[in-house]
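Colleague: How does the following fold in three dimensions:
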Amino acid sequence: MNNIKIIGLGGIGSELCEQISRFLTFSSSNQSTITLIDGDNYETKNRERQNFSDFGNKAIIKCRDLRDKFPFSNLNIKYVNQFVNSDNIKNIIENGDIVFLAVDNHKTRKLVSDFSDSLKDITIISGGNELTDGNIQIYIRKGGEKLTPNLTDFHPEIKDPVDKLPEEMSCEELHSVEPQLLFTNVGVSTFMCWAFFNILKGNPVPSEVYFDIKSMNSDSKNRKVKN
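Modeller: Okay, the predicted model is just below:
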């Protein structure tokens, strides 16, 4: 049984959830539950990089879209139409989950990483990007031990974030977003899917992967766990 949580359904997450759902429907015989988590709304300004059938809460709309596309018994698709915060995270992320973290702020990344340190078994695949480059981080805990570094170990900008959780932002802050490129979002989503595939197959994975679409290069990092 795969219990998958996809947090953030923007440019990366809205692409990622389609790929993961298709793979699990047609390439896996295991029962899987995918929970889509986002408190944001799909709006006209998102159309350049995101594919939704209607306007409204992203988690609700995308859940409906995926249920229509993949109405098969081995895949259960649910939603949480909230942003992750310190109050609800314990009800969203559970021991044994595979968490795809596709958010655009470091404070949420730190919140999820810190909470995951309290769990015995957890896998986090986190992705983010600037305009033409991006990276993913892979954090795996098994039996209460870190197999790879958590999200904060080698990233001071995540360990001590200066940004805010989405629910802490004003309407002006929420609508003032950095420029994004569809192809970079797709690149991050693809690397996150590669990590997921290798983890399912028991193949070794790096702790981080960086890529740049202008130079068309990628670079993997295998960092040691900090005690």
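
Colleague: need the contact list for P179.
Modeller: L131 (C-beta atoms under 8 Å, 6 or more residues apart in numbering). Using the backbone N, CA and C atoms, a C-beta is placed for each residue, glycine as well.

Colleague: let's see it at 10 Å
Modeller: 130-131 (C-beta atoms under 10 Å, 6 or more residues apart in numbering).

Colleague: how far away is it from G11?
Modeller: As for P179, its distance to G11 is 11 Å (criterion: C-beta to C-beta, to the nearest Å).

Colleague: Output the contacting helices and strands for the strand or helix carrying L24.
Modeller: Assigned by DSSP states H and E, L24 falls within helix 13-27. When contacts are defined as 3 or more C-beta pairs under 10 Å, 6 or more residues apart in numbering; DSSP states H and E, helix 13-27 sits against strand 2-7, strand 32-37, helix 58-69, strand 75-80, strand 98-101, strand 122-129, helix 182-201.

Colleague: can you do 6 Å?
Modeller: Using 3 or more C-beta pairs under 6 Å, 6 or more residues apart in numbering; DSSP states H and E as the contact criterion, the secondary-structure elements in contact with helix 13-27 are helix 182-201.

Colleague: which parts of the helix it packs on are buried?
Modeller: Neighbour counts using 16 or more other C-beta atoms under 10 Å place 184-193, 195-196, 199-200 of helix 182-201 among the buried residues.

Colleague: Downstream of it, the next helix or strand is which one?
Modeller: With elements assigned by DSSP H and E, the helix or strand that comes after helix 182-201 is strand 208-212.

Colleague: now that following strand: mean pLDDT?
Modeller: Predicted confidence along strand 208-212 averages 98 (mean pLDDT).

Colleague: I'd like to know how many residues surround L101.
Modeller: A total of 28 residues lie near L101 under the criterion other C-beta atoms under 10 Å.

Colleague: Pull the number of nearby residues for the nearest residue to it once chain neighbours are set aside.
Modeller: Of all residues not flanking L101 in the chain, S126 sits nearest, at 4.0 Å (C-beta to C-beta, 6 or more residues apart in numbering). Here the count is done by other C-beta under 10 Å, and S126 has 28 residues near it.
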